[in-house]
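K.L.:
Here is my input; please provide its structure:
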Amino acid sequence: MDEPISIEEQYPAKYWHLLDDGRIQCDLCPRDCRLREGQRGACFVRGRIHDAMVLTTYGRSSGFCVDPIEKKPLNHFYPGSSIFSFGTAGCNLACKFCQNWDISKSRSFDKLADQASPQAIARAAAEHGCKSVAFTYNDPVIFAEYAMDTADACHELGIQTVAVTAGYIHEQARREFFAKMDAANVDLKGFTDEFYVKLCGAHLQPILDTLKYLRQETDVWVELTTLLIPDHNDSAEEIGKMSAWIVKELGADVPLHFSAFHPDYKMADIPATPLETLIQARQIAQAAGLRYVYTGNVHNREGDTTWCPSCGSALIVRDWYEINQYRLTPDGHCSDCHAKIAGRFEKFTQAFGARRIPIVMGGQL
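P.N.:
Below you'll find the predicted structure:
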């Protein structure tokens, strides 16, 4: 049974309206949850108190950590930099293969052991020398108000912001949410509506709409991640169609990360993704015209490395999250042929490395 909404959880939420039948409809995402008094939405963290919507996780986190930017994964957004990461609880999708299910599927606030205000998060990121802050671990769309306020606080200190998201969000909220973001890694979980309906409890088209909006109407730096699940979304045909759509609608410069599935949550009986599947997917995407295609969750230095699409030189040689060689100019050009590499770059001095540094905020304001 869902926990009742306590007084301290009643932070005013945006994106809702009152229906003629007395219910409140949440307008944040395409689920359009319709709630009576005391009920929570499918995401669990947005609920109704009296005649208003509240966000129950504002200022509350499942953990804070300093990570390498490549772990988000973002390979073309200030490579080698560190990023201050945090999330809350809940999710507006219902993925049976969720790799963070203990957080995203939580129906208890026991996971929210730490607290911090938006201003405290921005200060902590600055104090730890982080280039950016990531809203991650669970989808930041569902804690949009907290993420947006934190983004404002970060920008006041010159810190960049990153959303790691499935992109399942309505038009008005999408416009306001991504106006606060500098970069996004969007999970394109599959390329059929059947996959989204059966395995995610959602639909494909809203994600495609989000991606087209980001690339065609904003300056947000976008990278994509697809978790390849054996016999579910890893066929050569589906990968080919998805890659062709990305090239046509988003452009050939959008980096695409193929990530390996490991048995988890409600799909523990499915085998892990073979390395060969990821390598083949990368080749298919490259043949379709994508210039920057990566493999993830596996040891594959070729698939970790950023290659110049013009001359073929290895420009950023990675081994997992370690950078062993960096040969881009400060303004993002190939050191050999001087071709422009898509992304956000600056003068490279030293990589943060593969470290993961947990941070305890202790309810900072």
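K.L.:
Give me the residues contacting the helix or strand hosting residue 248.
P.N.:
Taking DSSP states H and E as the criterion, residue 248 maps to helix 236-249. Residues outside helix 236-249 that contact it (C-beta atoms under 8 Å, 6 or more residues apart in numbering) are 188, 190-192, 208, 211-212, 215, 224, 226, 254, 256, 280-281, 284-285, 288-290. In short, each C-beta sits where N, CA and C put it, glycine included.
K.L.:
do that again at 7 Å, thanks
P.N.:
188, 191-192, 212, 254, 256, 280-281, 284-285, 288-290 (C-beta atoms under 7 Å, 6 or more residues apart in numbering).
K.L.:
where does residue 131 sit relative to residue 167, distance-wise?
P.N.:
23 Å (C-beta to C-beta, to the nearest Å).
K.L.:
what about the two, which has more around it?
P.N.:
Taking neighbours as other C-beta atoms under 10 Å, residue 131 and residue 167 compare with residue 167 leading, 26 against 20.
K.L.:
Count the residues that sit near the residue lying closest to the more buried one once chain neighbours are set aside.
P.N.:
Spatial nearest neighbour of residue 167, excluding adjacent residues (C-beta to C-beta, 6 or more residues apart in numbering): residue 210 at 3.6 Å. Using other C-beta under 10 Å, residue 210 has 25 neighbouring residues.
K.L.:
that's a helix at residue 210, yeah?
P.N.:
Yes: the assignment for residue 210 (DSSP: H, G, I helix; E, B strand; the rest coil) places it in a helix.
K.L.:
so it touches residue 166, yeah?
P.N.:
No: Residue 210 lies out of contact with residue 166 (C-beta atoms under 7 Å); the separation is 8.8 Å.
K.L.:
Check which element follows the lowest-mean-pLDDT helix or strand in the chain along the chain.
P.N.:
Across the helices and strands of the chain, mean confidence by mean pLDDT, DSSP states H and E is lowest for helix 101-104: a mean of 61. The helix or strand immediately downstream of helix 101-104 is strand 114-115, counting by DSSP H and E.
K.L.:
Parallel or antiparallel, list what pairs with that following strand.
P.N.:
strand 60-61 (antiparallel) (DSSP bridges).
K.L.:
next one: the strand it pairs with to chain centre, how far?
P.N.:
In terms of C-alpha atoms, centre = their mean, to the nearest Å, the centre of strand 60-61 is found 17 Å from the chain centre.
K.L.:
per-domain residue ranges of this structure.
P.N.:
8-55, 60-296+343-359 (automatic domain parsing).
K.L.:
Kindly reformat these as TSV and extend each row with distance to residue 311.
P.N.:
What follows is those, written out as TSV (distance: least, C-beta to C-beta, whole Å):
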stretch	distance to residue 311
domain 8-55	43
domain 60-296+343-359	12
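K.L.:
deepest of the ones you listed, which one?
P.N.:
domain 60-296+343-359 (a mean of 20; mean count of other C-beta atoms under 10 Å).
K.L.:
Now do the end-to-end distance for that one.
P.N.:
14 Å (C-alpha to C-alpha, to the nearest Å).
K.L.:
any idea how far residue 171 is from the residue nearest to residue 167?
P.N.:
9 Å.
K.L.:
Likewise for residue 295?
P.N.:
Taking C-beta to C-beta, one finds residue 295 at 33 Å from residue 171.
K.L.:
for residue 179, same thing?
P.N.:
Taking C-beta to C-beta, one finds residue 179 at 13 Å from residue 171.
K.L.:
Residue 49 too?
P.N.:
Going from residue 49 to residue 171 by C-beta to C-beta gives 26 Å.
K.L.:
try residue 89
P.N.:
Residue 89 is 26 Å from residue 171, by C-beta to C-beta.
K.L.:
do the same with residue 293
P.N.:
Counting by C-beta to C-beta, the gap from residue 293 to residue 171 is 30 Å.
K.L.:
same deal with residue 324?
P.N.:
43 Å.
K.L.:
Ok, residue 63 next?
P.N.:
31 Å.
K.L.:
Then residue 358?
P.N.:
37 Å.
K.L.:
In the chain, which residue is most central in space?
P.N.:
residue 164 (1.4 Å; C-alpha atoms, centre = their mean).
K.L.:
Which element, helix or strand, includes it?
P.N.:
strand 160-165.
K.L.:
For that strand, what is the distance to the chain centroid?
P.N.:
On C-alpha atoms, centre = their mean, the centre of strand 160-165 falls 6 Å from that of its chain.
K.L.:
All the strands of the stretch 151-300 of the chain, residue numbers only.
P.N.:
Ranges of strands within the stretch 151-300 of the chain are 160-165, 183-187, 221-228, 256-260, 293-296, based on DSSP state E, counting those that start in this stretch.
K.L.:
Let's have these in CSV, adding distance to residue 78 and mean pLDDT.
P.N.:
As requested, the strands of the stretch 151-300 of the chain are arranged in CSV below (distance: least, C-beta to C-beta, whole Å; pLDDT from 0 to 100):
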stretch, distance to residue 78, mean pLDDT
strand 160-165, 7, 98
strand 183-187, 9, 98
strand 221-228, 10, 98
strand 256-260, 17, 97
strand 293-296, 16, 97
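K.L.:
Quick one: closest of those strands to residue 203.
P.N.:
strand 183-187 (14.2 Å; C-beta to C-beta).
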